[in-house]
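> requesting a structural model of the entry that follows:
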Amino acid sequence: MTTNRGRKALMLTLSAAAVAGIALAGGGVTPASAAAGLQWGDCDPAVKPLPGQQCATLSVPLDYADPEGAQIGLAVARLPSTRPEARRGTLMVIPGGPGSSGVQRLGQKGAALAKEMNGAYDLVAFDPRGVGGSAKARCGFDEADRRLVTLRSWPAADGGIGENVARSRRMAEACARNGGAMVRGLTTANQARDLDRLRQALGERKLSAWSVSYGTYVAAVYAQKFPEHTDRWVLDSSADPDPKRVARGWLAGMARGAEDRFPDFAAWAAHPDRAAEGLRLAEHAEDVRPLFLDLAARLDREPRPSTTPGTPLTGTELRQALQQALYSDAAFPAFARLMSQALDPAGVPVLPPELAGPMPDEAATVSVGVICNDVDWPRSVPAYERAVAADRVRHPLTAGMPANITPCSFWKGGAVEKPTRITDRGPSNVLMIQNLRDPSTPHSAGLKMRAAFGDRARLVSVDKGGHAVYLGNGNACGDRAVTRFLTEGVRPAQDMLCR
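Reported below is the predicted structural model:
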């Protein structure tokens, strides 16, 4: 969530026999192919393609240290410009994650984005390694380890991390045992390299991009590695790019981000209009926070049966549901309803879908593999115990989760290569956009990315909460700034604030 193609590359050299084994264990690995272009065709109906959307498969090296060796296939999709006379190039749609599908993101935002671009670009996205229709990576995690509240490493109700330590060790061992070269190839640096292979296959000298969340780090790494191929570059909701703390620093940002964002939910939940909807939680906004903390503590002691058999609503589940709800104002009603159900002695809580069951093994593998391959993590269990205890006091809404231990502390081989440092060297073609109150990538973290880019970038700050800005949170000023930059090349003369 790294730099030049050398150093440890994939920590191993692939022999012909190893490649044959990987083809069975990792899936989707084939010998090197001479084909450089893309064969566009109809998309599988399962991806729910937009009208006019086309799909193809891109072949890339499993190991860039051996570019002519084993190859894997990545799923690619595009919406061609409907105005060839207005077309100026290709705009990549780079999703968040790690573990999100670019093809799915294109399906979600493609129509709105095409309208904004008015034919200026072909819109293109791909599924990163291990994701969606691309070659799969699997660690073989236990089902219980693939739930969101375990992947996020929430401490026990009393703040203990013993269970987290055991789980983290078990998951790291599963990846070392089952993952092979496919898992070791899950890195941000490889995603940037795959993106440049896609540029070449598209026949483009330069790419433009709209990246979101974790995707902004992918985009930043690409701009650092391939500045000569970077055109108009949008980073929407960036985190701290400190190469010593990538991923770990992003988790830490969630603690600060939840504190920044919670007042928006509290004001909404105490508004008189909520009474008619049966969702008003308190008469005054300042009363919502203690109500939430007290309810979470009670659920720690006495979990409530939910409508999902075998999965009660615990304090941890409630805290994770809050973290998800803070991403968008549109999620406030469902979370207020969950709190109301839990506060009602006769209520039966309905868990959000993302909490009701485990993630697929492939998705969990990517989300863990990338952050553990990208950077070395501290390994001292006592240090994590101290950090969690301190974080629970400073940020009770997230109860120590962002400071907790993960499988990365037991990761075999450590980081795959040295992380990329983002600098101010390169073309001045970057526009950042950031919410002032974001539960995942707080504005303070975005300022660190802004500082790293220096005069290469301009920052548009938006005074509206939630995660991700462009074509999502309804801020016309912010949307207009991004659209003008991408279609007209107009970048603000200085950083600006959109109220």
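> which residue ranges of the stretch 301-450 of the chain form strands?
430-437 (DSSP state E, counting those that start in this stretch).
> with the stretch 1-150 of the chain instead?
For the stretch 1-150 of the chain, the strands defined by DSSP E, counting those that start in this stretch occupy 29-30, 54-61, 71-79, 89-94, 121-126.
> compare those and report which one is nearest to residue 270.
Set against residue 270 and scored by C-beta to C-beta, the strands of the stretch 1-150 of the chain come closest in strand 89-94, at 37.4 Å. Just so you know, the C-beta spots here come from the backbone N, C-alpha and C atoms, and that holds for glycine as well.
> how about the closest one: buried residues?
In terms of neighbour count (16 or more other C-beta atoms under 10 Å), strand 89-94 has its buried residues at 89, 90, 91, 92, 93, 94.
> who wins for proximity to residue 438 among the strands of the stretch 1-150 of the chain?
It's strand 89-94; of these, that one is closest to residue 438 (C-beta to C-beta) at 17.8 Å.
> got the angle for the closest one vs strand 121-126?
30 degrees (axes from the mean of the first three to the mean of the last three C-alpha atoms, to 10 degrees).
> what mean pLDDT does strand 89-94 have?
If you average the pLDDT over strand 89-94, you get 98.
> now stretch 363-379
97.
> returning to what we had before: what two of the buried residues of strand 89-94 are the furthest from one another?
Across these (C-beta to C-beta), the longest gap, 15.3 Å, separates 89 and 94.
> just the buried residues of strand 89-94 now: which is nearest residue 116?
Nearest member of these to residue 116, counting by C-beta to C-beta, is residue 91, at 10.2 Å.
> residue contacts, the closest one?
Neighbour list for residue 91: 113, 117, 120, 121, 122, 123, 124, 207, 208, 209, 210, 486 [criterion: C-beta atoms under 8 Å, 6 or more residues apart in numbering].
> show me what it is bridged to.
On DSSP bridges, the residues paired with residue 91 through beta bridges are residue 123, residue 208.
> tell me which other helices or strands the helix or strand hosting residue 215 touches.
Using DSSP states H and E, residue 215 maps to helix 214-225. Applying 3 or more C-beta pairs under 8 Å, 6 or more residues apart in numbering; DSSP states H and E, one finds that helix 214-225 contacts strand 89-94, helix 188-202, strand 207-212, strand 230-236, helix 443-453.
> let's go with 6 Å and repeat that
Applying 3 or more C-beta pairs under 6 Å, 6 or more residues apart in numbering; DSSP states H and E, one finds that helix 214-225 contacts strand 89-94, helix 188-202, strand 230-236.
> of all the ones you listed, which one is nearest residue 280?
strand 230-236 (32.8 Å).
> for the closest residue in space to residue 295 that isn't next to it in sequence, give me its contacts.
The shortest distance from residue 295 to any non-neighbouring residue, by C-beta to C-beta, 6 or more residues apart in numbering, is to residue 342 (5.9 Å). If a contact means C-beta atoms under 6 Å, 6 or more residues apart in numbering, then residue 342 has 295, 304, 313, 349 as its contacts.
> and which of these is nearest to residue 374?
For the contacts of residue 342, the nearest to residue 374 is residue 313 (33.8 Å; C-beta to C-beta).
> number of nearby residues for that closest one?
Per other C-beta atoms under 10 Å, the neighbour tally for residue 313 reads 25.
> may I have the beta-bridge partners of it?
Following DSSP bridges, residue 313 is listed with bridge partners residue 304.
> same thing with residue 233?
residue 209, residue 430.
> for it, give me its contacts.
Each residue near residue 233 by C-beta under 6 Å, 6+ apart is listed here: 209, 223, 429, 430.
> tally of neighbours for the third one?
Number of residues near residue 429 (other C-beta under 10 Å) recorded here: 19.
> OK, contacts around it?
232, 233.
> for it, give me phi and psi.
With angles defined as degrees, to the nearest 10, residue 429 sits at phi -140, psi 30.
> any idea how far residue 305 is from the residue nearest to residue 295?
11 Å (C-beta to C-beta, to the nearest Å).
> do the same with residue 352
16 Å.
> those two: which has the busier surroundings?
More neighbours surround residue 352 than the other of residue 352 and residue 305, with 18 against 12 (other C-beta under 10 Å).
> for the more buried one, give me the pLDDT.
94.
> without its sequence neighbours, what residue ends up closest to it?
residue 321 (5.6 Å).
> need the contact list for the one you found.
So residue 321 contacts 335, 338, 352 (C-beta under 6 Å, 6+ apart).
> what's the local residue count around residue 378?
So residue 378, with other C-beta under 10 Å, has 12 neighbours.
> distance-wise, check the residue nearest to it when sequence neighbours are not counted relative to residue 139.
Sequence neighbours aside, residue 409 is the residue nearest to residue 378 in space, at 6.6 Å (criterion: C-beta to C-beta, 6+ apart). According to C-beta to C-beta, residue 409 stands 16 Å off from residue 139.
> neighbour count for these two, which is higher?
residue 139 (26 against 22).
> that one touches residue 174, doesn't it?
Yes - Residue 139 lies in contact with residue 174 (C-beta atoms under 6 Å); the separation is 4.7 Å.
> now for these two: what residues contact both?
The contact sets of residue 139 and residue 174 do not overlap (C-beta under 6 Å, 6+ apart).
> ok, now how distant is the nearest residue to residue 242 once chain neighbours are set aside from residue 443?
Computed as C-beta to C-beta, 6+ apart, the closest residue to residue 242 that is not its neighbour in sequence is residue 249, at 5.6 Å. Using C-beta to C-beta, we find residue 249 at a distance of 15 Å from residue 443.
> one more: residue 422?
Counting by C-beta to C-beta - residue 422 and residue 443 are separated by 18 Å.
> flag the shaky bits of the stretch 1-150 of the chain, pLDDT-wise.
Low-confidence segments of the stretch 1-150 of the chain (pLDDT under 70): 1-36.
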